[in-house]
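J.: Sequence first, predicted model second:
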Amino acid sequence: METLTWVAPVRQAVTTKRRWDGDRARNEYLKNYYTKVCVGWLKKYLDYGKSTLQRTDRPRVSLLQRSPSSPVVCHATGFYPDRVVVFWRRDGQELHEQVDPGEVLPNHDGTFQVSVDLDLKAVPQEDWGRYECVVQLRGIEDISTPLDPALIRTNGGKSGLTIPIIIGLLVLLLAAAAAVVGVLLYKKRNGEWIKLSRRTDT
């Protein structure tokens with residue numbers, strides 16, 4: 001930049017270096033472009049894209065468990081950008097054993113989601129209060145969710161009621177469909193019987 005000359009990193013580039021070094025006007029133009037024009041445009045584009053580039057969407061955090069013997073899943077979704085850290089802590093210390101971290105995945109709306117499993121098979125439920133899930137995302141305060149059975153969404157409590165309702169509705173639908181088919185067959189058969197008896201009478 002100071003001497004407006006080029007550096008040839010390999011021997012084959014020396015000829016080109018000498019030719020470019022001789023074009024002082026071109027070198028002054030390039031110096032101005034790289035140090036002023038280009039920088040100005042970059043700043044302008046960064047300003048235009050500030051709302052996207054500096055956007056931060058707060059995650060929604062849920063604790064999920066399929067069954068009492070399944071791991072407890074800390075699920076964070078709806079966050080942006082994708083540079084998030086999710087981990088489990090016990091007594092304020094980050095856990096590395098018992099934990100199965102998942103990968104960050106995209107959502108359909110341009111946000112992201114991630115899940116981190118915690119295996120509690122060897123932990124009595126009275127010790128659950130020592131555990132918490134922590135979500136860290138640039139621009140927001142850490143989100144800490146304690147491992148509280150009241151906060152865990154599970155299939156256990158809901159499926160006992162939901163499955164019989166679904167089965168009952170399916171049985172009703174099948175019965176209604178069978179009744180409609182029976183009525184249609186009866187009418188069709190009855191209609192043919194009437195036509196047949198009329199032909200016989202004539």
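T.: Right, received. Where do you want to start? Here the structure is a predicted model, which is why all the values come from computation and not from measurement.
J.: Domains in the protein, by residue range?
T.: What the record gives for the chain is the domain set 11-53, 60-147, 156-202, from automatic domain parsing.
J.: Report the residue spans of the chain with pLDDT below the cut-off.
T.: 156-166, 191-202 (pLDDT under 70).
J.: again, 80 this time
T.: Counting by pLDDT under 80, the ranges of the chain that qualify are 51-53, 155-169, 171, 181-184, 186-202.
J.: what about the helices in it?
T.: Using DSSP state H, the helices found in the chain span residues 14-21, 24-32, 38-48, 50-53, 155-201.
J.: Nearest to D100, out of those?
T.: helix 155-201 (19.2 Å; C-beta to C-beta). C-betas here are computed from N, CA, C, even on glycine.
J.: What separation is there between the nearest residue in space to D57 that is not next to it in sequence and S115?
T.: Spatially, and ignoring its direct neighbours in sequence, D57 is nearest to Y80 (4.0 Å; C-beta to C-beta, 6 or more residues apart in numbering). Taking C-beta to C-beta, to the nearest Å as the measure, Y80 and S115 are separated by 17 Å.
J.: same thing with Y34?
T.: Y34 sits 45 Å away from S115, going by C-beta to C-beta.
J.: So between those two, which is more surrounded?
T.: Using other C-beta atoms under 10 Å as the criterion, Y34 and S115 rank with S115 on top: 19 against 11.
J.: my read: that one touches E103, true?
T.: No. The pair S115 / E103 is not scored as a contact, 9.1 Å apart, by C-beta atoms under 8 Å.
J.: for D109, phi and psi?
T.: In terms of degrees, to the nearest 10, the main-chain angles of D109 are phi -100, psi 10.
J.: how near is it to G102?
T.: Separation of D109 from G102 (C-beta to C-beta) stands at 19 Å.
J.: swap in H96?
T.: Distance of H96 to G102, computed by C-beta to C-beta: 15 Å.
J.: who's more crowded, those two?
T.: Using other C-beta under 10 Å as the criterion, H96 and G102 rank with G102 on top: 14 against 9.
J.: For the nearest residue to K17 once chain neighbours are set aside, what are phi and psi?
T.: Closest residue to K17 in three dimensions, ignoring its sequence neighbours and counting by C-beta to C-beta, 6+ apart: A8, at 4.1 Å. The phi and psi values for A8, taken as degrees, to the nearest 10, are phi -100, psi 110.
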